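1. predicted structure and sequence below. I'll ask about it afterward.
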Amino acid sequence: MKKNKKNLKEKLKVILNGIIMGTANKIPGVSGGIVAVVIGFYEELIFSLEKLNIKAFKYILKKNYNKFWEYTNGEFLCLLFLGIIISFFSVSLILDILLTHFEINVWATFFGMILSSLLLIIPKVKKWSVETFLSLFIGLMFGLFISFSDPLIENENLIFIFFCGIISISGMTLPGLSGSFLLLILGNYNLLLVDSVNVLFYSIINILKLNFDFFNINENIKMLKILFVFVLGCIFGIIAFSKLLGHLLRNFYNNTMALIIGFVSGTVPVIWPWKKIIYFTDNTGNPIVNEIGKNEIKNYLYFLPELNSFSNLYTLLFILIGFIIIQILEYYGRKN
């Protein structure tokens, strides 16, 4: 059946959804897939990505581009990914500044958003059984394992970079599983989401200025090669995960949603606002600084807040704000 073309308002809505989703994907501990579930376009996303298969490829070979566009729900995917790209070079930069200057309040907002999301996705399990509770437990254990794993050391091996791409894109297709946080665990968050992206950004700027001296620097070429392999891994991962999830949603809907709820619950500690950062240190006890001038994070020490402190009560206010934001997004998704 032929899909109706979207009007301008609907197109802008999909782009906005992409911006919100892309922003969430950039934040360690927050899953872009959660946004898709809460706003209400998760299943359309998964089933559309699942259409990027051999049949779609055959349409391209036959130069039947209209059929390819219709079959893959191309308009929806292109508008959504446009929003994600916009967020990557705009909103996420703002978030980086906020995390630098208002870290605890930002994490508190994210924490409230995750709690709110949990309340909204729990009712999506229509029938609870022994199997669904087992799925919930498995998801919870996996989420906790990821949350408390120690980060690895940065690795520039291209095969490992490809693997990082497969893993990182999971945050878009698996609600509760943060691709950015997994990159932190794998030790390549700065390399792939900061350093290489910065090189790409400055490459584009230099090309627009018709200045190609930038590409004579070996380090820049290496970074662009790393980013290219990472993107290939993301493309492979998003197609593979979408096929798996499409099958699970059609045949094991309740168990899949219970597994997702477990993921979300298990990764909640990652964004607990009250935590002390533990840095890697050298032999003299000074923090080790990475290539972009930031201290290398080793792990986090979590603690409970004292509620008689004004600053902690102020942080609780941001948890409430985050909670309300998700409720508004859910209302927006339900209304539309």
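-> Great, that's in hand. All values reported here derive from a predicted model rather than from experimental measurement. Numbers count the residues shown, from 1 in each chain.

2. what stretches of the protein score poorly on pLDDT?
-> 1-5, 28-30, 91-93, 95-96, 151-152, 171, 175-178, 290-294, 333, 336 (pLDDT under 70).

3. make it 50
-> 1-2, 292 (pLDDT under 50).

4. state which helix of it is the longest.
-> helix 218-251 (DSSP state H).

5. now do that helix: distance to the chain's middle.
-> 13 Å (Cα atoms, centre = their mean, to the nearest Å).

6. same question, stretch 254-266
-> 17 Å.

7. how near is the residue lying farthest from the centre of the chain to Phe215?
-> Here the chain reaches farthest from its C-alpha mean at Thr284, the gap being 36.4 Å by Cα atoms, centre = their mean. The gap separating Thr284 from Phe215 is 39 Å, by Cβ to Cβ, to the nearest Å. C-betas here are computed from N, CA, C, even on glycine.

8. what segments of the protein are strands?
-> 275-279, 297-302 (DSSP state E).

9. partners of the last one in the sheet?
-> Under the criterion DSSP bridges, strand 297-302 sits next to strand 275-279 (antiparallel) in its sheet.

10. re earlier: phi and psi next, for the residue farthest from the centre of the chain.
-> For Thr284, the backbone dihedrals (degrees, to the nearest 10) come out as phi -90, psi 0.

11. now do the contacts for Tyr59.
-> Contact analysis of Tyr59 by Cβ atoms under 8 Å, 6 or more residues apart in numbering lists Tyr65, Lys67, Phe68, Tyr71.

12. I misspoke; the intended subject was Ile161.
-> Asn155, Asn188, Leu192, Ile226, Val229, Phe230, Gly233.

13. hmm, 6 Å instead?
-> Residues near Ile161 by Cβ atoms under 6 Å, 6 or more residues apart in numbering: Ile226, Val229, Phe230.

14. ok, it to Ala108 distance?
-> 33 Å.

15. give me every residue that touches the nearest residue to Ile238 once chain neighbours are set aside.
-> Closest residue in space to Ile238, ignoring its immediate chain neighbours: Ile169 at 4.8 Å, by Cβ to Cβ, 6 or more residues apart in numbering. By Cβ under 6 Å, 6+ apart, the contact set of Ile169 is Gly179, Cys234, Gly237, Ile238.

16. now the two most distant members of these.
-> Gly179 and Ile238 (10.4 Å; Cβ to Cβ).

17. the two: who's more crowded?
-> Gly179 (30 against 19; other Cβ atoms under 10 Å).

18. am I right that the more buried one is in contact with Ser168?
-> Yes - at 3.8 Å, Gly179 and Ser168 qualify as touching, with contact defined as Cβ atoms under 6 Å.

19. sorry, back to before: could you dump the contacts of Tyr59 into TSV and include distance to Tyr202 and neighbour count?
-> Output for these, formatted as TSV (distance: Cβ to Cβ, whole Å; neighbours: other Cβ atoms under 10 Å):
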residue	distance to Tyr202	neighbour count
Tyr65	34	11
Lys67	40	15
Phe68	34	20
Tyr71	38	17
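
20. wait, which of these is closest to Leu320?
-> Tyr71 (44.3 Å).

21. how near is that closest one to Ser242?
-> Counting by Cβ to Cβ - Tyr71 and Ser242 are separated by 14 Å.

22. with Asn251 instead?
-> From Asn251 to Ser242 the distance is 15 Å (Cβ to Cβ).

23. number of residues surrounding Pro287?
-> The burial count for Pro287: 16, using other Cβ under 10 Å.

24. what's opposite it in the beta bridge?
-> Thr281.

25. pretty sure it contacts Tyr279?
-> Yes - using Cβ under 6 Å as the test, Pro287 is close enough to Tyr279 to be in contact (4.1 Å).

26. joint contacts of those two?
-> Joint contacts of Pro287 and Tyr279 (Cβ under 6 Å, 6+ apart) are Asn295.
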